[in-house]
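# I would like the atomic coordinates for the input below:
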Amino acid sequence: MPKFLLKRWQGMHIVWIFALLTALIFLMFLYQWEVGVIALLLSGLLVYFTFKAERAFRAELQDYISTLSHRVKRAGSEVIHELPLGILLYNEEKVIEWHNPFVAKMLGEDSLIGEGLYEKFPQLKNRKEKDLRMEITAGKGQIFEVQIKPDERLMYFTDITAAKSLQMRYEEERLAIGIVMMDNLDEATQGLDDQTRSIMMAKVTGEITEWAQKHQVYLRRTSSDRYMLLMDQKGLKALEQSRFELLDEVRDITIENKLPMTLSIGIASGAENLVELGHWAQTSLDMALGRGGDQAAVKVGERLSFYGGRTNAIEKRTRVRARVISHALRDLIKDSDKVIIMGHRNPDMDAIGAAIGVLKMAHVSTKEGYIVLEGVNPSIQKLMETIYEDEKLNRWFITPEQAMQITNARTLAVVVDTHKASMTPEPRLLQMTQRKVVVDHHRRSEDFIQDATLVYMEPYASSTCELVTELLQYFHERLTMGVLESTVLLAGIVVDTKSFSLRTGARTFEAASFLRRNGADSSLIQRLLKEDLEQYIQKAEIIKNAVVIYDHIALAVNEPGRKYSQLLIAQVADTLLTMTGILASFVISERPDGRIGISARSLGQMNVQVVMERMGGGGHLTNAATQIEGTLSQATQQLKQILSEIHAEEGLFE
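All right, here's what the predicted structure looks like:
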C-alpha cells in the first residue's frame, strides 16, 4: 500500500477518535469542568495535528499523481516506438501525417510523413469500404495484416509473415490419398498369351513406378490391378499441373494392343480425418470410373476436378454384371409394395423407352408400376400419342402429384437416363423412400443421387434402353414383351445411336436383336421419328450462321430474338457433325424459356463433355449440352474462352 494511502487510512481513524473524545469532553463538563478544560485543550491539539496530516496527505497525493502521469506518458511513448505493431495516421486527402518507427522500418525508409497513402501501399486501392481488415505484402516479401479505422483515419499493421509461412507449410504437408486402378485389365489382356501379358504388365507397372518416383509419391500395390498413393498437397498440386500425364503414357505404351490399357485415378484431400479421407478417395475413383475411366478425379475439400477422359469408355465384353444387377433388381422389386419410375424432365425417347422397360419388370414381378411424367417433349409427341391409344400401357403414366400421394417407405423408386435428383420430375419422391435404383449411361457427375440401393451406370452403353434391355434378358426365363414395348426400347437405341452410326458396340446390336425377336416394329420407329418440313427449315436457318474455328470445329450461333427448343438445337449440332472435316460442333440459341441453350457434339477426337461442364452442364464425351443465363454474345464469348483455354492446356483434339 502506498505511503500516502496508509496515512489516509490512519486519518480516518483519528476522525473517529476525535468524535469519541468530543462526546467524552461534553460529559466531563457536565460532571467536572476542570477535567473537561484539560480534555478540550488536548482535543485542540488533536485537531491541529489532524489538519496538518491532511495537508501532508494532499501534497503527497498530488506529487504521486504527477509522477504516475509522467511515467505513463513515458511508457506509452516507449510502447508506441518499440511495439512490434505499425501505427499510421492519414488525413482526408490520403496523405500520411504520422507513423511510428515500425511503419518506416517495414518499408525500409526513414520517414513516410507527407507521402501519399496509396503510393506507399498500392494494394489498398482495391479495398472495398466494408473491408476493414486485409492482407498486404510489403518490404522484403513480408505479409502484414492491416486493420483500418476509417473514422479515426487510423491504420494498424501486424506482421503475420511467420504465421502465414506456418499455415502454408501446414497446407502443403496435409495428407492426400489416391487410388490408381487399371480399369480395363481383363478386356485389354483377353486373348494374350502369358508371356505377352507379363511383358505388358511389366511395362505398365514400370511406367506407374517411374511416375510415382518422379513426383515423390509413395506407391503401394494392393492387388493385381490397383495401387494406393500417398502424397502431400505440394505433390498433389504438381500432379494437377502436369495434368496426370501418366494416363496418356500408359495408353501410348499399350497402343499396339487391340485394346490399349487405360487407368483411372481417384485422389482426395482436405477431409477432417483419415477415415473420411479414404472414403473420399474411393468416391473419386468411382466418379472417374463412372465417367468412363481413362481419367483422374481429384477432390480437395468441396472442389472436384477431372483430368483426362479423352477416350471413349471401353465396352465390357462380359455380361456378368448385367446378370447380377438384373437379379438384384428383381429381388428389390419383389420386396417392395410398388415401383415408381422416373426419367429426366422433358424426357426423350431413351428415357421413355427405359422407363417402359422397367415397368415391364414390375408387371412381370406382379407388382404395380407407375411412370412419372411431367409435360411432353415435342420430340416424343408422336410416341406419346401412340401410347395414349394403348389402354394397357397408358394407364400406368401418372403425374408427380399423383406419385407423391401413393409413395411410401416401401416404394421402390427407379431413376433412368439420369443420375441427378435435380433433373427428375419430382426430387421429393426420392426423399420419401430409402429404396432407390439408378440406371444410366451418362458419365457420372458430382451431383449424384445419394444412398442409392442399386446403381447400374455404364458409360460405354449407347443408351439407357440398351442397359434396360440387357437387364430384361436376365430378369425372367420366359419373358415375353409386347410389340409397342419392344418398339419403344428399340426406338430409344436408334435415336441415341443416330440409327446405329455412333457409340455402338457388339452389345448394342445384341440388345437390338433381342428386341427385334420380341416383335419390335422398325417401320413404326420410322413413323415416330419423321420430321416435318417447318422444323427442317428452322434447322437450315441456324446452319447458315455456322462458322469453322480451330479448323475442325463448327460453331453456329442463332440470330438474336429467334427462339428454338433444346431438341432442335441438338439436331442442328448432329447435322453439322456430318459435314466434311468437322470433328466437333457447337450450336448456341435462345430457348423459349429465355435461357441460352448450347448443344455440343463430337466424333470422339474431342471431349465436349469437359467443355460443357465448365459452363455448368454435362453429358458424354461425344454428346453434351448446357443451359445458361445471359445473352447470345456472352454465351458465345464464354464458349470461345473455354475452347481457347483447353487448346492452350492440352490441345482440343487427340
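
# how many other residues sit next to residue 634?
Neighbours of residue 634 under the rule other C-beta atoms under 10 Å: 12. Where you see a C-beta, it was placed from the backbone N, CA and C, and this is true even at glycine.

# list the contacts for it?
Residues in contact with residue 634 (C-beta atoms under 8 Å, 6 or more residues apart in numbering) are residue 596.

# One more: the one 5 residues further on?
Counting by C-beta under 8 Å, 6+ apart, residue 639 touches 555, 586, 588, 598, 611, 615.

# Can I get the helix or strand harbouring the second one in PDB, CA atoms only?
In the assignment (DSSP states H and E), residue 586 maps to strand 584-590. These are the backbone C-alpha positions of strand 584-590, laid out as PDB (Å, rounded to 0.1, in the frame of the first residue of the first chain):
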ATOM      1  CA  ALA A 584     -16.900 -31.300 -83.300                       C
ATOM      2  CA  SER A 585     -19.900 -28.900 -83.400                       C
ATOM      3  CA  PHE A 586     -21.400 -26.300 -81.000                       C
ATOM      4  CA  VAL A 587     -24.800 -24.700 -81.500                       C
ATOM      5  CA  ILE A 588     -26.000 -21.700 -79.400                       C
ATOM      6  CA  SER A 589     -29.500 -20.400 -79.500                       C
ATOM      7  CA  GLU A 590     -32.100 -18.700 -77.300                       C
END
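
# what's next to that strand, contact-wise?
So strand 584-590 is contacted by 542, 552-558, 560-564, 568-570, 572-574, 576-577, 596-603, 605-606, 608, 611, 632, 635-636, 639, 652 (C-beta under 8 Å, 6+ apart).

# Is it possible to mark the buried ones in those residues?
Among these, the ones that count as buried by 16 or more other C-beta atoms under 10 Å are 542, 552-558, 564, 568-570, 572-574, 576-577, 596-602, 606, 608, 611, 632, 635-636, 639, 652.

# For residue 419, give its distance to residue 349.
19 Å (C-beta to C-beta, to the nearest Å).

# Low-confidence bits of this structure, can you list those?
For the chain, the stretches with pLDDT under 70 are 1-21, 24-31, 33-36, 39, 46, 61-82, 309-318, 654.

# What number of residues are in the vicinity of the closest residue to residue 558 other than its chain neighbours?
Leaving aside its sequence neighbours, residue 558 sits nearest to residue 589 (C-beta to C-beta, 6 or more residues apart in numbering; 3.7 Å). With neighbours defined by other C-beta under 10 Å, the count for residue 589 comes to 25.

# can you check residue 341 too?
Residues near residue 341, counting by other C-beta under 10 Å, number 28.

# which residues does it contact?
Applying C-beta under 8 Å, 6+ apart to residue 341 gives the contacts 355, 358, 359, 362, 369, 370, 371, 372, 413, 414, 416.

# Just to be sure, it is in a helix?
No - if the criterion is DSSP: H, G, I helix; E, B strand; the rest coil, then residue 341 is strand and not within a helix.

# Residue 424 versus that one, what's the distance?
For residue 341 relative to residue 424 (C-beta to C-beta), the value is 11 Å.

# Outside of the helix or strand hosting residue 206 itself, list whatever touches it.
Using DSSP H and E, residue 206 maps to helix 194-214. When contacts are defined by C-beta under 8 Å, 6+ apart, helix 194-214 is touched by residues 180, 182, 188-189, 192, 217-219, 221, 227, 229, 245-246, 249-250, 253-254, 257, 261, 263.

# Sitting in strands, which of the residues you listed do you find?
180, 182, 218, 219, 221, 227, 229, 263 (DSSP state E).

# need those residues in TSV with neighbour count and distance to residue 516, can you?
Shown next, in TSV, are the ones in strands among the contacts of helix 194-214 (neighbours: other C-beta atoms under 10 Å; distance: C-beta to C-beta, whole Å):
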residue	neighbour count	distance to residue 516
180	26	42
182	23	36
218	12	54
219	18	50
221	13	46
227	21	44
229	23	47
263	27	38
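
# Widest-spaced pair of those?
Farthest-apart pair in those is 182 and 218; separation 19.1 Å (C-beta to C-beta).

# Quickly note the distance from the residue lying closest to residue 248 once chain neighbours are set aside to residue 143.
Leaving out its chain neighbours, the residue that sits closest to residue 248 by C-beta to C-beta, 6+ apart is residue 308, at 7.6 Å. Relative to residue 143, residue 308 is positioned 36 Å away (C-beta to C-beta).

# do the same with residue 646
For residue 646 relative to residue 143 (C-beta to C-beta), the value is 34 Å.

# quick one: which of the contacts of residue 639 is nearest residue 377?
Of the contacts of residue 639, the one sitting nearest to residue 377 (C-beta to C-beta) turns out to be residue 598, at 17.9 Å.

# In contact with the closest one, which residues are there?
569, 586-588, 612, 615, 617, 625-628, 635, 639.

# host element of it?
With DSSP H and E as criterion, residue 598 is part of strand 596-602.

# what comes into contact with whatever helix or strand comes next after that strand?
The C-terminal neighbour of strand 596-602 among helices and strands, as given by DSSP H and E, is helix 608-613. Residues outside helix 608-613 that contact it (C-beta under 8 Å, 6+ apart) are 291, 306, 309, 443, 445, 584, 586, 598, 600-602, 618-626, 639, 642-643, 646.

# Can you flag which of those residues belong to helices?
Using DSSP state H, 639, 642, 643, 646 are the members of these that sit in helices.

# quick one, phi psi at residue 113?
Main-chain dihedrals, residue 113, degrees, to the nearest 10: phi -60, psi 130.

# tell me the secondary structure for residue 502?
Counting by three-state DSSP, the backbone at residue 502 sits in coil.

# pretty sure residue 492 is touching residue 465, no?
Yes - Residue 492 is within contact range of residue 465, at 3.3 Å (criterion: C-beta atoms under 8 Å).

# what's the span of stretch 99-112 from first residue to last?
8 Å (C-alpha to C-alpha, to the nearest Å).

# Also stretch 246-264?
10 Å.

# Quick one: distance of that stretch to the chain centre.
The chain centroid and the centroid of stretch 246-264 are separated by 29 Å, computed with C-alpha atoms, centre = their mean, to the nearest Å.

# next one: stretch 392-404
Stretch 392-404 sits 35 Å away from the centroid of its parent chain (C-alpha atoms, centre = their mean).

# can you list contacts of stretch 368-384?
Contacts for stretch 368-384 (C-beta under 8 Å, 6+ apart): 337-342, 345-349, 352, 355-356, 358-359, 361-363, 396-400, 402-403, 406, 424-426, 429, 488, 491, 527-528, 530, 565, 567.

# run the last query once more with 7 Å
Taking contacts as C-beta atoms under 7 Å, 6 or more residues apart in numbering, the residues outside stretch 368-384 that touch it are 338-342, 345-349, 352, 355, 359, 362-363, 396-400, 403, 425-426, 488, 528, 565, 567.

# How about stretch 219-226?
179, 181, 182, 185, 208, 209, 212, 227, 228, 229.

# Contacts only, for the second one.
Taking C-beta under 7 Å, 6+ apart, we find residue 181 in contact with 225, 226, 263, 264, 285.

# hmm, back to that, strands - which of the contacts of stretch 368-384 land there?
Among the contacts of stretch 368-384, the residues falling in strands (DSSP E) are 338, 339, 340, 341, 342, 397, 398.

# The first one and residue 246, how far apart?
Think residue 338. Taking C-beta to C-beta, one finds residue 338 at 48 Å from residue 246.

# quick one, which of the two is more surrounded?
Using other C-beta under 10 Å, the more surrounded residue of residue 338 and residue 246 is residue 246, with 22 against 16.

# Now the common contact residues for residue 492 and residue 465.
350, 353, 354.

# Count the neighbours of the first one for me.
Read it as residue 350. Around residue 350 there are 29 residues (other C-beta under 10 Å).

# picking up where we left off before, switch the ones in helices among the contacts of helix 608-613 over to TSV; also include distance to residue 279.
TSV is the format used below for those (distance: C-beta to C-beta, whole Å):
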residue	distance to residue 279
639	36
642	32
643	36
646	31
